[in-house]
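Chemist: give me the fold of what follows.
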Amino acid sequence: MPPTQSSLSIDGSLGEGGGQILRTSLALALMTGKPFTLTNIRSRRAKPGLMAQHLRAVGAAREIGKAKVQGDRLGSQSLIFEPTGLSCGDFQFDIGTAGSTSLVLQTILPPLSFATASSTVVLTGGTHVPWSPCFQFLEMHWLHYMRKIGFDIRLELEAAGFYPRGGGRVLATVRPASRLSPLCLINRGNLKNIRGISAVANLNYSIAERQKLQAVKRLSDVSRAIEIAILRLPSPSRGSLLLLLAEFENSQCCFYGLGALGKRAETVADEAVNEFIGFLATDGAIDHYLADQLVLPLALSAGVSEIRTSKVTQHLTTSAEIVKMFLPVSIEVDGVIGQPGSMRIRRIES
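Modeler: The predicted structure follows:
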């Protein structure tokens, strides 16, 4: 299948050069109907080309977009993706042992929000794995802002899937989006409270207690309003999580640590606390993880969005470049990589 004349040509080595370019391109192709040709996929990675988890995202997007696809095989460094229509309905996808459910959800849920009717998606795979948002980050943080923008998405964790075994199960319900609104997140205001989760799956309850104790001890000088719930997560795998959600007058931020074999419970808590304390040292209104995840949804909204992030990242600038290829939008990122910065997003009316 040769690329069509109107197909966008995207260089996969752009910016951070990772799988994010593929996922963002898939989501935008589904929403705009624009086909694309992606080359140099993950060319700067130790193992370049499409990995199993990327193929799962392509497969899900293909089914939702009734797409014609070429190059969807392991190790492929080029892909042609041509959507022919946006489907709605009930979908089931098995991402693999510990493939990230979160990254696939962030690829397909925004497009499904523009379908003519509601959809449900059941995904099995990894819900708490390195290098991707954990389920609670999506549920408590990402969805908080997606709903403010105008998306109507619900998530339910039926089983947690920790690395390396995975086997988690997530149910997503997506209803057609209403009018999408911009966000202004410039000044976070004063800290109101810190809440969070200390969770274990198939591990001793004392691990969750130690994680909570360490976090509360270290945060006692930051806030007196700290509430961390201890949970047991249903799961076929073993793992632990300490997640912190800090609520300010005008915004919120979220950080977490995941357990691993031989990793002390206190270290898991320290990872989340250290990132939160680092955030407090900046004037960011939102954390840098969320910032790049809001580029695409805000580019779809009417009006002007302004964001102050605790750190400008290559993920952020790369997302901005890909979005501008598909949509008539101006995205200005002001700041140095690794330092606090601002982003302004404005739709360009034809």
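Chemist: hang on, isn't A269 packed against L243?
Modeler: No: in this structure A269 lies outside contact range of L243 using Cβ atoms under 8 Å: 10.1 Å. Where C-beta positions appear, they are placed from N, C-alpha and C, glycine not excepted.
Chemist: for P3, report the pLDDT, please.
Modeler: pLDDT, P3: 50.
Chemist: element containing H315?
Modeler: helix 314-326 (DSSP states H and E).
Chemist: can I see the domain layout of this structure?
Modeler: 1-85, 88-178, 189-280, 284-350 (automatic domain parsing).
Chemist: those domains into CSV, with extra columns for mean neighbour count?
Modeler: Below are those laid out as CSV (neighbours: other Cβ atoms under 10 Å):
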stretch, mean neighbour count
domain 1-85, 18
domain 88-178, 21
domain 189-280, 18
domain 284-350, 19
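Chemist: and those domains, which one is worst for confidence?
Modeler: Across the domains of the chain, domain 1-85 gives the lowest mean pLDDT, at a mean of 90.
Chemist: distance from the chain centre to it, please.
Modeler: Taking Cα atoms, centre = their mean, to the nearest Å, one finds the center of domain 1-85 at 18 Å from the center of the full chain.
Chemist: contacts for the helix holding H315?
Modeler: 8, 10, 14-17, 20-21, 24-25, 28-29, 31-32, 34, 288, 291-292, 295-296, 299, 309, 329-331, 333, 337, 343 (Cβ atoms under 8 Å, 6 or more residues apart in numbering).
Chemist: gap between it and the chain center?
Modeler: 15 Å.
Chemist: on that earlier part again, tell me which of the contacts of helix 314-326 fall in strands.
Modeler: L8, I10, T309, V329, S330, I331, V333, M343 (DSSP state E).
Chemist: what ranges does the stretch 151-300 of the chain have for its helices?
Modeler: 205-219, 265-280, 288-299 (DSSP state H, counting those that start in this stretch).
Chemist: can I get the ones you listed in TSV with distance to C254?
Modeler: Shown next, in TSV, are those (distance: least, Cβ to Cβ, whole Å):
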stretch	distance to C254
helix 205-219	13
helix 265-280	9
helix 288-299	7
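Chemist: of all those helices, which one is nearest A57?
Modeler: helix 288-299 (14.4 Å; Cβ to Cβ).
Chemist: quick one: distance of the closest one to the chain centre.
Modeler: 9 Å.
Chemist: would you confirm that F36 contacts A27?
Modeler: No: here F36 lies out of contact with A27, judged by Cβ under 8 Å, at a distance of 11.3 Å.
Chemist: ok, so what distance separates M146 from L296?
Modeler: 11 Å (Cβ to Cβ, to the nearest Å).
Chemist: for A160, that is, sorry about that
Modeler: 27 Å.
Chemist: what's the answer for G262, then?
Modeler: From G262 to L296 the distance is 37 Å (Cβ to Cβ).
Chemist: could you do T120 as well?
Modeler: From T120 to L296 the distance is 22 Å (Cβ to Cβ).
Chemist: got it, and R73?
Modeler: 26 Å.
Chemist: wait, what's in contact with S220?
Modeler: I226.
Chemist: quick one, phi psi at it?
Modeler: phi -60, psi -30 (degrees, to the nearest 10).
Chemist: distance check, it against L213.
Modeler: S220 is 11 Å from L213, by Cβ to Cβ.
Chemist: that older thread, out of the helices of the stretch 151-300 of the chain, flag the one nearest L155.
Modeler: Between those, helix 288-299 lies closest to L155; by Cβ to Cβ that is 14.4 Å.
Chemist: quick one, that closest one and helix 314-326 angle?
Modeler: Helix 288-299 runs at 10 degrees relative to helix 314-326, counting by axes from the mean of the first three to the mean of the last three Cα atoms, to 10 degrees.
Chemist: elements contacting helix 288-299?
Modeler: helix 19-32, helix 101-112, helix 143-149, strand 252-258, strand 304-309, helix 314-326, strand 329-334, strand 341-347 (3 or more Cβ pairs under 8 Å, 6 or more residues apart in numbering; DSSP states H and E).
Chemist: all strands of the stretch 51-200 of the chain, in order?
Modeler: 68-70, 78-82, 90-94, 119-125, 152-159, 168-175, 184-185, 191-201 (DSSP state E, counting those that start in this stretch).
Chemist: need those strands in CSV (columns: distance to H141).
Modeler: Formatted as CSV, the strands of the stretch 51-200 of the chain follow (distance: least, Cβ to Cβ, whole Å):
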stretch, distance to H141
strand 68-70, 32
strand 78-82, 29
strand 90-94, 23
strand 119-125, 19
strand 152-159, 12
strand 168-175, 16
strand 184-185, 13
strand 191-201, 11
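Chemist: looking at those strands, which is nearest to I277?
Modeler: strand 191-201 (11.4 Å).
Chemist: stretch 248-268: end-to-end distance?
Modeler: 24 Å (Cα to Cα, to the nearest Å).
Chemist: which strand residues bridge Q70?
Modeler: Beta-bridge partners of Q70, counted by DSSP bridges, are I80.
Chemist: could you measure from it over to N40?
Modeler: Applying Cβ to Cβ to Q70 and N40 gives a distance of 16 Å.
Chemist: chain center to stretch 213-233, what's the gap?
Modeler: Counting by Cα atoms, centre = their mean, stretch 213-233 comes out at 25 Å from the chain centroid.
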